[in-house]
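what follows is a predicted structure for the sequence shown.
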There are 2 protein chains.
Amino acid sequence: MNISEVSNRAQLPTKTVRYYADIDLVAPLGRSEAGYRTYSDIELRKLVFVRRARESGFSIEECRELLGLYENADRNSADVKAIAARKLEEIEAKQRELQMLHDELSYVVHTCNGDDRPNCPIIDYLS
Amino acid sequence: MNISEVSNRAQLPTKTVRYYADIDLVAPLGRSEAGYRTYSDIELRKLVFVRRARESGFSIEECRELLGLYENADRNSADVKAIAARKLEEIEAKQRELQMLHDELSYVVHTCNGDDRPNCPIIDYLS
DNA sequence: CCTAATCTTTCCAGTAACTGGAAGGTCAAG
DNA sequence: CTTGACCTTCCAGTTACTGGAAAGATTAGG
């Protein structure tokens, strides 16, 4: 795969994929004769993983740590499990925060009657 | 409330609260005699709301739009409902992405046996 | 084989959303 | 009335992209 194909599949701009290669977050499989970056399904999967983590508010360094859990063979499995468990808790915390956001907005949607009347209860919600 | 108290309660750095005031995302209630920013529970609630939205990957402009749903009284309720419904879908999409992230990592945690053996199945997960 | 369109490369500058630090004013306690 | 913990503005730096220029590579059509 060239960069545009992997970008399309991972739902990321080529610029971002190139940037991730530059900072060595997701390195390409290799380079073609002409110097084109080449990617396989493994890198694609990592890119999708990183996109999800980034969209969910994890920093690049946290993504690096998360990816490391899949790759770092010189770390023993108890360590991997401990770090993964900690990251899982972070993800679960984010899920709870998202749920609270959802609940607040959901309240907005369901207390509005949806017609054209401008006296929506939302306006008084915060006061 | 002064800035440090509202920052503590909202779980945001004072720097960030000041920045949100500068860009007029969450304006303080007013200023004291000496020019200190003052905040009430309303602004506190908005700050918590913004923190959650930011941590969940929404941009400042998206946060502005989300906050607008609570405040913008000159918008009719059908419009508010439509925009809120769209934002709710975005939140639900984020929840699904977080769930996929969670599932992948969860797999890592539960297939690792947790002892000191370095032959954790995670290492082969992507290959 | 030549050319035009569509890749790809690197490099450099700009943006978004903070973040740290300096220089200085304010306030409450002892 | 001073000491220490607040607060202010301003300016510079960081993170994570993002857009654009200049130039080489590849593919499809004539």
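Yes, it's here.

could you list the buried residues of the strand or helix carrying A:Glu97?
Assessed by DSSP states H and E, A:Glu97 sits inside helix A:77-111. By 16 or more other CB atoms under 10 Å in any protein chain shown, the buried positions in helix A:77-111 come out as A:77-81, A:83-84, A:87-88, A:91, A:94-95, A:97-98, A:101-102, A:104-105, A:108-109. (Each C-beta comes from the backbone N, C-alpha and C, glycine too.)

that one - contacts with which helices or strands?
Taking 3 or more CB pairs under 8 Å, 6 or more residues apart in numbering or on different chains; DSSP states H and E as contact, the helices and strands that helix A:77-111 lies on are helix A:60-71, helix A:122-125, helix B:41-55, helix B:60-71, helix B:77-111.

CSV for these, including mean pLDDT and distance to DNA strand C?
CSV is the format used below for these (pLDDT from 0 to 100; distance: least, CB to the nearest atom of the strand, whole Å):
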stretch, mean pLDDT, distance to DNA strand C
helix A:60-71, 85, 12
helix A:122-125, 42, 23
helix B:41-55, 93, 5
helix B:60-71, 85, 3
helix B:77-111, 82, 15
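
any chance of the ones you listed in CSV, with distance to A:Val48 too?
As requested, these are exported to CSV (distance: least, CB to CB, whole Å):
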stretch, distance to A:Val48
helix A:60-71, 12
helix A:122-125, 36
helix B:41-55, 21
helix B:60-71, 22
helix B:77-111, 9
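
so which of the ones you listed is nearest B:Pro28?
Taking CB to CB, helix B:41-55 is the member of the helices and strands packed on helix A:77-111 nearest to B:Pro28, at 6.4 Å.

tell me which residues in the closest one are buried?
B:43-55.

how about the residues you listed in JSON lines, adding distance to B:Tyr19?
As requested, the buried residues of helix B:41-55 are exported to JSON lines (distance: CB to CB, whole Å):
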{"residue": "B:Glu43", "distance to B:Tyr19": "14"}
{"residue": "B:Leu44", "distance to B:Tyr19": "16"}
{"residue": "B:Arg45", "distance to B:Tyr19": "18"}
{"residue": "B:Lys46", "distance to B:Tyr19": "14"}
{"residue": "B:Leu47", "distance to B:Tyr19": "12"}
{"residue": "B:Val48", "distance to B:Tyr19": "16"}
{"residue": "B:Phe49", "distance to B:Tyr19": "16"}
{"residue": "B:Val50", "distance to B:Tyr19": "11"}
{"residue": "B:Arg51", "distance to B:Tyr19": "13"}
{"residue": "B:Arg52", "distance to B:Tyr19": "17"}
{"residue": "B:Ala53", "distance to B:Tyr19": "15"}
{"residue": "B:Arg54", "distance to B:Tyr19": "11"}
{"residue": "B:Glu55", "distance to B:Tyr19": "16"}
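
what's the closest of these to B:Arg64?
For the buried residues of helix B:41-55, the residue nearest B:Arg64 by CB to CB is B:Val50; the value is 9.1 Å.

relative to B:Glu65, how far out is that closest one?
Distance check for B:Val50 against B:Glu65: by CB to CB, to the nearest Å, it reads 12 Å.

likewise A:Glu55?
Remark: distance between A:Glu55 and B:Glu65 (CB to CB) = 17 Å.

DNA strand D is nearest to which of the helices and strands packed on helix A:77-111?
For those, distance to DNA strand D was read as CB to the nearest atom of the strand. The smallest value, 3.4 Å, belongs to helix A:60-71.

okay, buried residues for that closest one please.
Applying a neighbour-count criterion of 16+ other CB under 10 Å, one finds A:63-67, A:69-70 buried in helix A:60-71.

do the same with stretch A:31-40
A:37, A:39.

kindly check the end-to-end length of that stretch for me.
Chord length of stretch A:31-40, first to last residue, is 12 Å (CA to CA, to the nearest Å).
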